[in-house]
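S.K.: Compute the structure for the input listed below.
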Amino acid sequence: MQINRTQLFRASCLSLLVTGLSFGIRAGILNKLGTDFQLDKAQLGAITATAFWGFPLAVVIGGMVVDIIGMKKLLVLAFIFHLVGIVLTIFANGYWTLFLSTLLVGLANGTVEAACNPLVAGLYTDNKTTKLNHFHLWFPSGIVIGTVIVFLLNKLGLSWQIQVATMLIPTVIYGFLFSKLDFPVTERVASGVSYGGMFKALLNPLFIFMFICMFGTAITELFTGQWIDVLLKNVTDNALLILTLDTGVMVLGRAFAKPVLKKISPQALLLVSAILAALGIFMLSTVTGPLIYVAAIVFGMGVCFFWPTMLGFVNTNIPATGALGLNLMGGAGMFSVAIFTLFMGGFYDRIVKEAGSDTLAGKQVLQATLVIPIILIVAFTGLVIYMRSRTKTKIESAAAVQV
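M.R.: Below is the predicted model of the structure:
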C-alpha cells in the first residue's frame, strides 16, 4: 500500500470545499427559498438547522467507527450523501423536500469531517494545528465561491436550482479521487492507544472545557455567517457581499496560519480571536454605511482561526482522544449551531411581529449573539493562564529531574 500524502490532502480539501459551497449557496438563496415556497423565518431556521444537526450526527457516529471501517469507506458514504442531497435540493417542491435534502447535505458534511480531520492530523503529526488550518481554509473558500456563484448567476438571471447544481462538479471530482487512493490507519491505531484509553482521555477536564467552548466558537462563526443575508438585508443592499468579505478574510488568515502560530500560542490566538469576534458582531449590529464592511473584516479576523485551532489544540495537547475527540468537538460545534439557529429563527419572527421591523430584528439577534464571544473572552483568558502555569510546572519538573 502506497500512501500519497499530497494527493490525499488535496482530495480532502476539495471535499471540504463542497461543504463550504453548501453553506455559501444556501446562505445566498435562503430568502429566495422563503419566497418561492412561502416559508416563514421559523421554517427557514428549521431547514438551516437541519444541516447543523445532520452534521453532528454524522461526525459523532463517524468518529466512533472510523478506526474500525477506515476513512475511505466513510468518504465514499460522504460522496453518496452529497450527491443525493444536492440532486434532491435541485428538485425540491416544498418544506419537507428541502428539509430532507438539507439533512442529507449536513450528513455528508459531517462525514467529510469525521474522516478528514483525523486523516489530516495523522498525515501531518508534527504540524497538526497549521495543517488543520490549511485544510479548513477550504471551508470559507467554499463559502466565498458559493456566494460569488449566487451573485453572478443572479445577475445572469439563472435560477437557484442551477446555482445549487454547480456543487455537483467538485463533488464528483472528490469522489473519483478518493476512490483511487490508498489510506493510512488513524493516528490512534498507529500509536497503539486502546479504544478504552481513547474514551478515558475524553474525561480529561481540559477536553471537557474545550468541548464546552466549542459550542460558543461554532455559534459565533457559523450562525452569524449563515444568517448574515437575512439579518442585514435591510441594513445594506449587499448583505451577501459582507459574508463574502468576512469569509475571504478567513481564507487569507488560515493560509498564513504557520507564521501566525510561530508568533503566538494556540490558546493566546483563541483569546485574541474571541476579542475580535465580539468587536465584529458589535459593529455589525450598530454601524451603517461603508463601516459595515470594516465590521465584516473585523468579524472575519475574529472567527478565522476558531474551528481549526480548537481541533488542533485538543489533538496536540490530548492526543489520546484520537479521531473521536476531534469529531466530538466538531459535533458539539454543529449541534450547538443547530439549536441556536432554531431558537433565533423563532426569536426573529417574534420581534418582527411585535415591532413590525426586520431591521430591528436583525440587530437584536446579533446583539443577543454578542453575549457568546464575550463569555469566550473570559474562558480563553483562563485557558491562557492555565496553559502558562502548566508549562511552568513542566519546566520546573524537568529542571528538578536534571538536578
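
S.K.: Can you report how many residues lie near M214?
M.R.: Neighbourhood size, M214 [other CB atoms under 10 Å]: 24. Glycine gets a C-beta too; all of them are placed from N, C-alpha and C.

S.K.: what do you get for the one 5 residues further on?
M.R.: Under the neighbour criterion other CB under 10 Å, I219 is assigned a count of 23.

S.K.: pLDDT below threshold where in the stretch 201-350 of the chain?
M.R.: Within the stretch 201-350 of the chain, the stretches with pLDDT under 70 are 226-227, 229-231, 233-240.

S.K.: Any buried residues in stretch 253-273, and which?
M.R.: The neighbour-count check on stretch 253-273 (16 or more other CB atoms under 10 Å) flags 253-254, 257, 260-261, 266-273 as buried.

S.K.: Show residues contacting it.
M.R.: 129-130, 133-134, 136-137, 140, 217, 300-306, 308-310, 312-313, 316, 376-377, 380-381, 383-384, 387 (CB atoms under 8 Å, 6 or more residues apart in numbering).

S.K.: Endpoints of that stretch, how far apart?
M.R.: Terminal residues of stretch 253-273 lie 11 Å apart, using CA to CA, to the nearest Å.

S.K.: And that stretch, how far out from the chain middle?
M.R.: Centre-to-centre, stretch 253-273 and its host chain are 17 Å apart (CA atoms, centre = their mean, to the nearest Å).

S.K.: Pull out the buried positions in the longest helix along the chain.
M.R.: In the chain, assigned by DSSP state H, the helix with the most residues is helix 322-355. Using 16+ other CB under 10 Å as the burial criterion, the residues of helix 322-355 that qualify are 322-338, 340-342, 344-345, 347-349, 351-352.

S.K.: by contact count, what packs against whatever helix or strand comes next after that helix?
M.R.: Per DSSP states H and E, the first helix or strand lying C-terminal to helix 322-355 is helix 358-369. Where contact means 3 or more CB pairs under 8 Å, 6 or more residues apart in numbering; DSSP states H and E, helix 358-369 is packed against helix 228-231, helix 266-284, helix 322-355.

S.K.: Minimum distance to T111: which of those helices has it?
M.R.: Each of the helices and strands packed on helix 358-369 was scored for nearness to T111 using CB to CB, and the closest is helix 322-355 (10.0 Å).

S.K.: Next, the angle from that closest one to helix 358-369.
M.R.: 140 degrees (axes from the mean of the first three to the mean of the last three CA atoms, to 10 degrees).

S.K.: Do you have the helices of the stretch 1-150 of the chain handy? List them.
M.R.: Ranges of helices in the stretch 1-150 of the chain, per DSSP state H, counting those that start in this stretch, are 5-36, 41-69, 71-90, 95-123, 128-136, 138-155.

S.K.: gap between stretch 373-380 and the chain center?
M.R.: Using CA atoms, centre = their mean, the offset of stretch 373-380 from its chain centre is 19 Å.

S.K.: contacting residues around that stretch?
M.R.: So stretch 373-380 is contacted by 209, 213, 216-217, 220, 267, 270-271, 274-275, 277-278, 281, 302 (CB under 8 Å, 6+ apart).

S.K.: Tell me the buried residues within those.
M.R.: Judged by 16+ other CB under 10 Å, buried ones among the contacts of stretch 373-380: 213, 216-217, 220, 267, 270-271, 274-275, 277-278, 281, 302.

S.K.: Farthest pair within those?
M.R.: The widest separation within the buried ones among the contacts of stretch 373-380 (CB to CB) is 21.7 Å, between Q267 and I281.

S.K.: quick one on the thing from earlier: quick check, nearest of the buried ones among the contacts of stretch 373-380 to T48?
M.R.: For those, the nearest to T48 is T220 (16.3 Å; CB to CB).

S.K.: residues in contact with the closest one?
M.R.: 274, 277, 281, 302-303, 306, 369, 372-373, 376.

S.K.: try 6 Å
M.R.: Applying CB atoms under 6 Å, 6 or more residues apart in numbering to T220 gives the contacts 277, 303, 372-373.

S.K.: Among those, name the ones in strands.
M.R.: Assigned to strands by DSSP state E, none of the contacts of T220 qualify.

S.K.: Closest one of those residues to V84?
M.R.: For those, the nearest to V84 is V303 (30.4 Å; CB to CB).

S.K.: The closest one against I275, yeah?
M.R.: No: checked against CB atoms under 6 Å, the pair V303 and I275 is beyond contact range at 11.7 Å.

S.K.: ok, back up a step: the helices of the stretch 1-150 of the chain: lowest mean pLDDT?
M.R.: Lowest mean pLDDT of the helices of the stretch 1-150 of the chain: helix 41-69, a mean of 84.

S.K.: and that one, what other elements does it pack with?
M.R.: helix 95-123, helix 322-355 (3 or more CB pairs under 6 Å, 6 or more residues apart in numbering; DSSP states H and E).

S.K.: now those as CSV including distance to L17?
M.R.: As requested, those are arranged in CSV below (distance: least, CB to CB, whole Å):
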stretch, distance to L17
helix 95-123, 10
helix 322-355, 17
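
S.K.: which phi and psi does N127 have?
M.R.: phi -150, psi 50 (degrees, to the nearest 10).
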